[in-house]
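*Asks:* I would like to see how this sequence folds:
(one chain, ligands or ions: 1)
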Amino acid sequence: MVSEQPVLVLRDVSIAYDSPAGPVQAVSHVNLELMPNTIVGLIGESGSGKSTLATGIMRLLRGGAHLTHGEILIKGQNVYDMDAKTLRKFRWEAMSMVFQSAMTVLNPVMTVEQQMVDVFLAHRPGMSKAEALQKSYALLDLVRIARKHGKSYPHELSGGMKQRIVIAIALALDPALVIMDEPTTALDVVVQRSILEQIQDLQQERHFAVLFISHDFSLVAELASRVAIMYAGRFVEVTESGGLTVSDQDHHPYTQGLMRAIPRLTHEDVVIEGIPGHPPDLVTLPTGCAYHPRCPYAVPLCTVERPEPRDWQGRLIACHRFDPQKAGEFSHVS
Ligand SMILES: Nc1ncnc2c1ncn2[C@@H]1O[C@H](COP(=O)(O)OP(=O)(O)OP(=O)(O)O)[C@@H](O)[C@H]1O
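*Replies:* Presented below is the predicted three-dimensional model:
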C-alpha cells in the first residue's frame, strides 16, 4: 500500500555558501511537499540553486555550503538531526541521488557488477556475495542492460548505458525518494528520450517519488505532475504541470519567459524567445523582487518589496501582479 505521509518535506529551507565576498544565498525560504509515487520537477536557469537544494536534501553540501534555516524531513525524519550512522543508512535506503555525470558515481577501476555488489554488501551485512550478485543481475535486467555487461568497466560502456547503471544502483535498495539532477543532460536526444521513458516505467512499477531537476522546461512539464520554478534561490511558482497549459498570462513572468524560450515549430522555422538579461549575482541580489530587472511588467513596487508566494487559481505564485491588493499598481502595464 502507498503511504500517505510525504516522502520529502522542505520547510522554509535556506542554504548559503561562505565566500570571500560574503554569503552566497543559493537557496532562500523554499517550501515543498513530495508525496509517494509522484514526480515533481524543479526548473530554473543555471545558477538558480537547484543542485545546491538537491545536495542539501541529501546532506551532501560541500564547498562551504550549509543549511542556514528551516528543516528537511525525509519520511518524517529530520535529515539534519541524524547521527552519522542513521544518515548512512538513510542514504540509498530511503533516498538516493542520480547525478548528471555517471562518472561522478561509477568507479573507473571496478567492474559494474563489483560496484553493484558493494552497495548490497555495505547495506545488507547478512547478505552473501552470491545473493548480492543475483540482485545485481536483477538490477541490470531492470534497466534492460544485458547481464554480460556486469563484467565491463565503465569506460567500456556508452554514456547511455552508464547512466542506466547509475539509475539501477540508485534504485538498488528501493528508496522512497530518488533525486535526479539533470540525469540525461549529457546524453544525445535519442538516448535521453529512451532513458526518460525508462524512468517513467520504473517509477510506475516501484512507486518511488522523484525530484527531477532540469533546465529543460518542456521535458519537465511532460514528465512531472507538479513543477517548482526556481529563480535566484527562491520558488517563484509551484504549479501542477497540467496548469502549464493555461495562458502564459496566468503564470509568474519568469515562468512565462521560460515557456516562451521553448523552441516552437511554425510553418517556416523555429521560434525561440530567450529571456533578456542574466540571472542575478546571489551576493548582491536586486532589492524587492529579484526578477524585477528582467521583468517586462515591473513597476516601482517590485523594486522595493519582495512578493511572497500566494495562491492563484491553485498555483503558488510570488509576484505582486497576482496580489489583488496590489493589482492596481499594474493597471497601466498589460
Ligand atoms: N562553492 C561555491 N561557493 C560559492 N558559491 C557557490 C558555490 N557553488 C555554487 N555556488 C553558487 O550557488 C548558486 C547556485 O548554484 P547551483 O549549482 O545550486 O545552481 P544550479 O541551478 O544547480 O545551476 P546548474 O544548472 O548550472 O547546475 C550559484 O550562483 C553558484 O554560483
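*Asks:* next helix or strand past the helix ranked longest in the chain?
*Replies:* Under DSSP state H, the helix in the chain containing the largest number of residues is helix 189-206. Later in the chain than helix 189-206, the nearest helix or strand by DSSP states H and E is strand 209-214.
*Asks:* elements contacting the longest helix of the chain?
*Replies:* helix 159-171, strand 209-214, helix 217-223 (3 or more C-beta pairs under 8 Å, 6 or more residues apart in numbering; DSSP states H and E). Every C-beta, even on glycine, is put in place using the N, C-alpha and C of the backbone.
*Asks:* could you rerun that using 10 Å?
*Replies:* strand 39-43, helix 129-142, helix 159-171, strand 177-181, strand 209-214, helix 217-223 (3 or more C-beta pairs under 10 Å, 6 or more residues apart in numbering; DSSP states H and E).
*Asks:* give me the angle between the next helix or strand after the last one and strand 209-214.
*Replies:* It refers to helix 217-223. Sequence-wise, the next helix or strand downstream of helix 217-223 (DSSP H and E) is strand 226-231. Between the axis of strand 226-231 and that of strand 209-214 there is an angle of 40 degrees, by axes from the mean of the first three to the mean of the last three C-alpha atoms, to 10 degrees.
*Asks:* say whether the ligand is contacted by the next helix-or-strand element following strand 226-231.
*Replies:* Helices and strands here follow DSSP H and E; after strand 226-231, the next one along the chain is strand 234-240. No - contact of strand 234-240 with the ligand (C-beta under 6 Å from any ligand atom) is absent, the minimum separation being 11.8 Å.
*Asks:* over strand 234-240, what's the mean pLDDT, rounded is fine.
*Replies:* Across strand 234-240, the average pLDDT comes to 95.
*Asks:* quick one: strands adjacent to that strand?
*Replies:* According to DSSP bridges, strand 234-240 forms sheet pairs with strand 226-231 (antiparallel), strand 315-317 (antiparallel).
*Asks:* can you put those in a markdown table and add mean pLDDT and mean neighbour count?
*Replies:* Converted to a markdown table, the strands paired with strand 234-240 look like this (pLDDT from 0 to 100; neighbours: other C-beta atoms under 10 Å):
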| stretch | mean pLDDT | mean neighbour count |
| --- | --- | --- |
| strand 226-231 | 96 | 24 |
| strand 315-317 | 94 | 23 |
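*Asks:* closest to residue 17 out of the ones you listed?
*Replies:* strand 226-231 (16.1 Å; C-beta to C-beta).
*Asks:* pLDDT-wise, which helix or strand of the chain ranks last?
*Replies:* Least confident element among the helices and strands of the chain, by mean pLDDT, DSSP states H and E: strand 264-265 (a mean of 51).
*Asks:* next one: phi and psi at the closest residue to the ligand within the stretch 201-334 of the chain?
*Replies:* Of all residues in the stretch 201-334 of the chain, residue 282 sits closest to the ligand, at 4.6 Å by C-beta to the nearest ligand atom. Here is the backbone geometry of residue 282 (degrees, to the nearest 10): phi -80, psi -10.
*Asks:* and it, what pLDDT?
*Replies:* 89.
*Asks:* pLDDT value on residue 206, please?
*Replies:* So residue 206 comes in at 89 (pLDDT).
*Asks:* cool, residue 268 as well?
*Replies:* 53.
*Asks:* for residue 84, same thing?
*Replies:* 93.
*Asks:* show me the contacts for it.
*Replies:* By C-beta atoms under 10 Å, 6 or more residues apart in numbering, no residues touch residue 84.
*Asks:* may I have the phi/psi pair for it?
*Replies:* phi -60, psi -40.
*Asks:* one more: the one 3 residues further on?
*Replies:* In terms of degrees, to the nearest 10, the main-chain angles of residue 87 are phi -60, psi -40.
*Asks:* residues contacting it?
*Replies:* 58, 59, 60, 77, 79, 80, 81, 94.
*Asks:* so how do I select the buried members of these in PyMOL?
*Replies:* In PyMOL, this line selects whichever of those come out buried by 16 or more other C-beta atoms under 10 Å:
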select buried, resi 58+59+79+94
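*Asks:* so can I have JSON lines of the contacts of residue 87 showing pLDDT and secondary structure?
*Replies:* Listed next are those as JSON lines, based on pLDDT from 0 to 100; DSSP: H, G, I helix; E, B strand; the rest coil:
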{"residue": "58", "pLDDT": "95", "secondary structure": "coil"}
{"residue": "59", "pLDDT": "96", "secondary structure": "coil"}
{"residue": "60", "pLDDT": "94", "secondary structure": "coil"}
{"residue": "77", "pLDDT": "95", "secondary structure": "strand"}
{"residue": "79", "pLDDT": "97", "secondary structure": "helix"}
{"residue": "80", "pLDDT": "97", "secondary structure": "helix"}
{"residue": "81", "pLDDT": "96", "secondary structure": "helix"}
{"residue": "94", "pLDDT": "94", "secondary structure": "coil"}
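*Asks:* how about the residue of the stretch 201-334 of the chain closest to the ligand: what's its closest non-neighbour residue?
*Replies:* In space, and not counting its chain neighbours, residue 282 is closest to residue 24: 4.8 Å by C-beta to C-beta, 6 or more residues apart in numbering.
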